[in-house]
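Chemist: no sequence for this one, just the structure:
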């Protein structure tokens, strides 16, 4: 286990997000340029392990990276810079939006189930079923007893995934409200970023304390051995990307993936190629 | 249009694959190291255009890259090295295998329809509906009149996609049988690549001339303005990756994508942020 996992894995018990510095980089003793290079340096091993995972798909293992965080916390940046280090052919990425009318007709986990990575794949959730206990709680989108029910339902669901071979890595991208303000202003100053903004983002921002409380409750209640939470200081984009890269690496290393043994006679195959009639 | 598109877009009429040198690099006057760097140099513009496509998803445009080629021709390499230059969040990649029992119950385009990119996405097919007129024809997996019907069905299908806003880029990865032999032997020599091999690959290879004929027929009959074919010399991996990178770039440039205009009052949003109560 890397120092990143050791430092950022959330311990059991009550969660106090205000005690975690969003601008810290406690597991890496370098600055931005080093950190960006350190992320790139993870690329070859990440790519190798992703290919081993895929090669071993009959073993039924998969990895699921769950990204949650306030608006502008950098979920898209993690997808581009960290997840983008492996071949896209081995990824199943889902960006969850507000549920559609059809999705609302079903249990909140219905659409999640359909987005799970198949054997051999790395799945990534950009937002997730946690929205249903975050905005769901803050905006009272469901009755209180239904919100209450969901924490247990999530734990049962994730336990089942883990029992079926999925390594789950849950990351809360932790930013300060000041950093969010800076990023929102940067979006407003850049016409190439206006499409990412809407006025509703400011209404959500005004509920910052309520969201932090909803996060603390959700993290505490769903921080299981089968699917542990990590709180990632995300005011520094480079540290956020590097940390999640290392968590992904730890998850993949933990699968102990050997290349599958040939299920055919290698020498015979070579002989057939050597002996073949000219092909053309 | 780049020279890559100009050179490799298949002209209308009968197709003679033997007249196209699989080891040529006619649209690029450099060698491997330059070509690899030239591909990386496409990254920033490709990533920018992919983001513009996504930002404009309400415009309904998408891009579909279809990769076809003999075993070892490098479809996976294109995914990793070329397609991997854009954020994986904007991709919908499907690797088509032999159809499942359920898929066989439906028309051959049923599973294809489900794999199409949504608005704003770049879709990539690693193998495709063309298998149904390639291995389908060579192995007589369907009656002759059904194979015959499929060319027209494909053209109608692709025309409909194009009419609905999808730019289709079809690439046949053209390798020599000698190059395939070399790559198969390399797979057999490397235990990390055994999982990619099975004895059936040699049976398919023995049908090389039949496959080349099936390709020539399929390319000729489905080489439409709505969905043109490109034959990519693929004995050199770097040239294959660079060429397809340029074709993708041409497709995206052709969409003339501006950043969407703000649908909110930018100054008002800035003012709200400036005036807000302290958030924490």
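Modeler: Thanks, I have it. Being a predicted model, the structure only gives us computed values, none of them experimental.
Chemist: quick one, what contacts residue A:126?
Modeler: A:67, A:75-76, A:79, A:93-96, B:89 (C-beta atoms under 8 Å, 6 or more residues apart in numbering or on different chains). To be clear about C-beta, it is placed using only N, CA and C from the backbone, and glycine gets the same treatment.
Chemist: Compare those residues and tell me which is most surrounded.
Modeler: residue A:67 (27 neighbours; other C-beta atoms under 10 Å in any protein chain shown).
Chemist: who does the helix or strand where that one lies touch, helix- and strand-wise?
Modeler: Residue A:67 is part of strand A:62-69 when elements are defined by DSSP states H and E. The contact analysis (3 or more C-beta pairs under 8 Å, 6 or more residues apart in numbering or on different chains; DSSP states H and E) places strand A:62-69 against helix A:75-81, strand A:122-126, strand A:166-174, helix A:237-253.
Chemist: What's the first helix or strand after the first one?
Modeler: Next in sequence after helix A:75-81, counting helices and strands by DSSP H and E, comes strand A:91-95.
Chemist: And whatever helix or strand comes next after that following strand, what does it pack against?
Modeler: The C-terminal neighbour of strand A:91-95 among helices and strands, as given by DSSP H and E, is helix A:101-104. Using 3+ C-beta pairs under 8 Å, 6+ apart as the contact test, no helix or strand touches helix A:101-104.
Chemist: starting at the chain centroid, how far to helix A:101-104?
Modeler: The chain centre lies 24 Å from the centre of helix A:101-104; the measure is C-alpha atoms, centre = their mean, to the nearest Å.
Chemist: list the buried ones in it?
Modeler: Using 16 or more other C-beta atoms under 10 Å in any protein chain shown as the test for burial, helix A:101-104 gives residue A:103.
Chemist: quick one on the thing from earlier: TSV for the helices and strands packed on strand A:62-69, including mean pLDDT and distance to residue B:196?
Modeler: TSV is the format used below for the helices and strands packed on strand A:62-69 (pLDDT from 0 to 100; distance: least, C-beta to C-beta, whole Å):
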stretch	mean pLDDT	distance to residue B:196
helix A:75-81	98	27
strand A:122-126	98	19
strand A:166-174	98	24
helix A:237-253	98	19
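Chemist: Quick one: check the longest helix seen in chain A for contact with chain B.
Modeler: Criterion DSSP state H: the longest helix present in chain A is helix A:32-55. Yes: contact of helix A:32-55 with chain B (C-beta under 8 Å from any C-beta of the partner chain) involves A:47, A:55.
Chemist: That helix to strand A:91-95, inter-axis angle?
Modeler: Relative orientation of helix A:32-55 and strand A:91-95, computed by axes from the mean of the first three to the mean of the last three C-alpha atoms, to 10 degrees: 120 degrees.
Chemist: OK, contacts around residue A:130?
Modeler: Applying C-beta under 8 Å, 6+ apart, the residues contacting residue A:130 are A:66, A:68, A:154, A:218, A:222.
Chemist: measure it to chain B for me?
Modeler: Distance, residue A:130 to chain B, by C-beta to the nearest C-beta, to the nearest Å: 18 Å.
Chemist: Got the confidence number for that residue?
Modeler: In this model, residue A:130 is scored at 98, pLDDT.
Chemist: Who wins on neighbours among the contacts of residue A:130?
Modeler: Of all the contacts of residue A:130, the highest neighbour tally under other C-beta under 10 Å goes to residue A:218, namely 25 neighbours.
Chemist: Got phi/psi on that residue?
Modeler: Main-chain torsions, residue A:218, degrees, to the nearest 10: phi -60, psi -40.
Chemist: Could you give the number of residues near the nearest residue to it once chain neighbours are set aside?
Modeler: Among residues not flanking residue A:218 along the chain, residue A:133 sits closest, at 4.9 Å (C-beta to C-beta, 6 or more residues apart in numbering or on different chains). By other C-beta under 10 Å, 25 other residues sit near residue A:133.
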